[in-house]
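# model the following, please.
(2 chains)
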Amino acid sequence: MNTKTITCIECPVGCRIGVDMEGCRVVKVSGNKCPKGEKYAISEIENPMRVLTTTVAAEGLGIRRLPIRTSAPISKANIPEVMRVIRSVKVSRPVRVGESIVKNVCGTGADIVVTRSVD
Amino acid sequence: MAAAISAHESGVKDILLLERDLYLGGLLNQCIHTGFGLTYFKETLTGPEYASRFVERVRAIPSIEVVTRAFAVRLTGEKTVDYLIPGHMVSVRAKAVVMATGSRERTREMAHIAGTRPAGIFPAGLAQRLINIEGYLPGKNVVIVGSGDIGLIMARRFKLEGAEVKAVIEIQPVTRGLVRNVVQCLDDFGIPLYFRHKIAHIYGKDRVEGVDVVRVDEEMREIEGSRFSMGCDTLLVSVGLIPENELIEMAGAELDKKSNTPVSGRMNETSLPGIFVCGNSYKVYDIVDTVSACAENAGRMAAGYLGKVEQQV
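So this is what the prediction gives:
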């Protein structure tokens, strides 16, 4: 059995979490102060996920860049590909916070949603 | 915005909200990353999302008048505020004033970094604005001095936009930022973080060409023979924030010269009756949820002050 210590990124507390593993599978999580920590630790070992935030080009809206996020965490491995796809996205119509502008980006199951309203 | 809303909820009938930018939300608009709102809204939001929740609440309150592109240039102890809007200057007399002027970044000059003065040296928050608001990538090969949260977050931001991030250099033995930002901004991208190191020299004539990095001992003295060079075209400086309090100083409020924050007996007060300070201008905070709570307290205190003034009349 292998043991690893990781730092939880779910909130500003930053718990140090001990993870016992058998191969690539987590068998025990310790040191987390809340249930989010256990979920994070398992995912971090078995398939690390992140919410990606960046901007896309805005045209004719009074701002140059429109901030966006993925609607759910995506696998870390998909981030470079999603960044490439986002680079060609341009928004030129008014949008509201939470509006989806790309569905199921790169097959991740997550949408690209805008995080700022513009009229 | 939080102070205006809480003043309204505490019974204040006539509120003027001045903002120097084109839109409300301040720095949050350029903080496009997540991690805001866990305490306040019980969910993790990006900066613009967090701001928009407050914008919607402010817009729904008719007694809060919002003026954007309004640059406050003068404040007196009698609570007269002068502000510039495009074309002219306006003077208003208030019964109570809440300052939410935020903070500004410490610069390369304040960190005493030796060397030339080429283009390519940016405070980290300015670089953040250039990328996230203006849409410019200010460099392709970056060294970051200081491991504050903005510096860490910009390391990831540059990396995502295709730039190389050579290293983060921190003079202290621990990070100044949140541990989770070290994990998700540096470790995720394999960016090295050098503790107990500092920038010894900046090179370059027109544009930054590189820096010398040196290890320091416990008294921050350079350790001989530990100097090494790093090529880069950009140096980001993330070495802390200074509360912006020049207007209340102009009005005659007492400031602590070391921290540039108001000296007062109670939270959010100044030495001038009826003038309150909240958010990063009161004290530099790490987490925006705490800033909102602080601002709400200031709004309530301003309302309480107005109540007392009206009783006396």
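# quick one: list the elements packing against the longest helix along chain A.
As assigned by DSSP state H, the longest helix anywhere in chain A is helix A:35-46. Judged by 3 or more Cβ pairs under 8 Å, 6 or more residues apart in numbering or on different chains; DSSP states H and E, the packing partners of helix A:35-46 are strand A:2-7, strand A:16-22, strand A:25-30. For the C-beta atoms, the positions are set from N, CA and C on the backbone; glycine is no exception.
# spell out which parts of the stretch 51-200 of chain B neighbour chain A.
Neighbours of chain A within the stretch 51-200 of chain B, by Cβ under 8 Å from any Cβ of the partner chain: B:52, B:131-135, B:160-161, B:178-180, B:182-184, B:188.
# can you report how many residues lie near residue A:77?
Residues near residue A:77, counting by other Cβ atoms under 10 Å in any protein chain shown, number 10.
# what sits up against the helix or strand hosting residue B:289?
Taking DSSP states H and E as the definition, residue B:289 sits inside helix B:288-312. Identification of contacts with helix B:288-312 by Cβ atoms under 8 Å, 6 or more residues apart in numbering or on different chains yields B:1-12, B:28, B:36-40, B:47, B:50, B:54, B:95-98, B:100, B:266-269, B:273-274, B:276-280, B:282-283, B:285.
# rerun at 6 Å
B:2-3, B:6-7, B:10-12, B:36, B:39-40, B:95-96, B:98, B:268, B:274, B:276, B:278-279, B:285 (Cβ atoms under 6 Å, 6 or more residues apart in numbering or on different chains).
# partner residues bridging the spatially closest residue to residue A:27 that is not a sequence neighbour?
Spatially, and ignoring its direct neighbours in sequence, residue A:27 is nearest to residue A:20 (5.1 Å; Cβ to Cβ, 6 or more residues apart in numbering or on different chains). Beta-bridge partners for residue A:20, by DSSP bridges, are residue A:3, residue A:28.
# got the contact list for residue A:20?
A:1, A:3, A:27, A:28.
# again, but for residue B:192
So residue B:192 contacts residue B:167 (Cβ under 6 Å, 6+ apart).
# per-residue pLDDT, it?
If you check residue B:192, the pLDDT there is 97.
# pretty sure residue A:76 contacts residue A:46?
No - at 11.9 Å, residue A:76 does not count as touching residue A:46 under the criterion of Cβ atoms under 6 Å.
# and the two? Which one has more around it.
Set side by side, residue A:76 and residue A:46 show more neighbours around residue A:76, with 15 against 12, by other Cβ under 10 Å.
# sorry, back to before: any idea which of the contacts of residue A:20 is closest to chain B?
Within these, the smallest distance to chain B is 18.1 Å, found for residue A:3 (Cβ to the nearest Cβ).
# neighbours of the residue nearest to residue B:2 when sequence neighbours are not counted, just the number please.
Nearest in space to residue B:2, with sequence neighbours left out and distances taken as Cβ to Cβ, 6+ apart, is residue B:295 at 3.8 Å. Residues near residue B:295, counting by other Cβ under 10 Å, number 26.
# ditto for residue B:256
12.
# quick one: it and chain A, what's the gap?
26 Å (Cβ to the nearest Cβ, to the nearest Å).
# again with residue B:275
31 Å.
# contacts only, for that residue.
residue B:97.
# who does it bridge with?
residue B:97.
# next one: it relative to residue A:4, how far apart?
Going from residue B:275 to residue A:4 by Cβ to Cβ, to the nearest Å gives 53 Å.
# enumerate the residues of chain A near chain B.
Residues of chain A lying close to chain B by Cβ under 6 Å from any Cβ of the partner chain are A:7, A:9, A:11-12, A:14, A:51, A:53-55, A:64-65, A:67, A:69, A:83, A:97, A:115-116.
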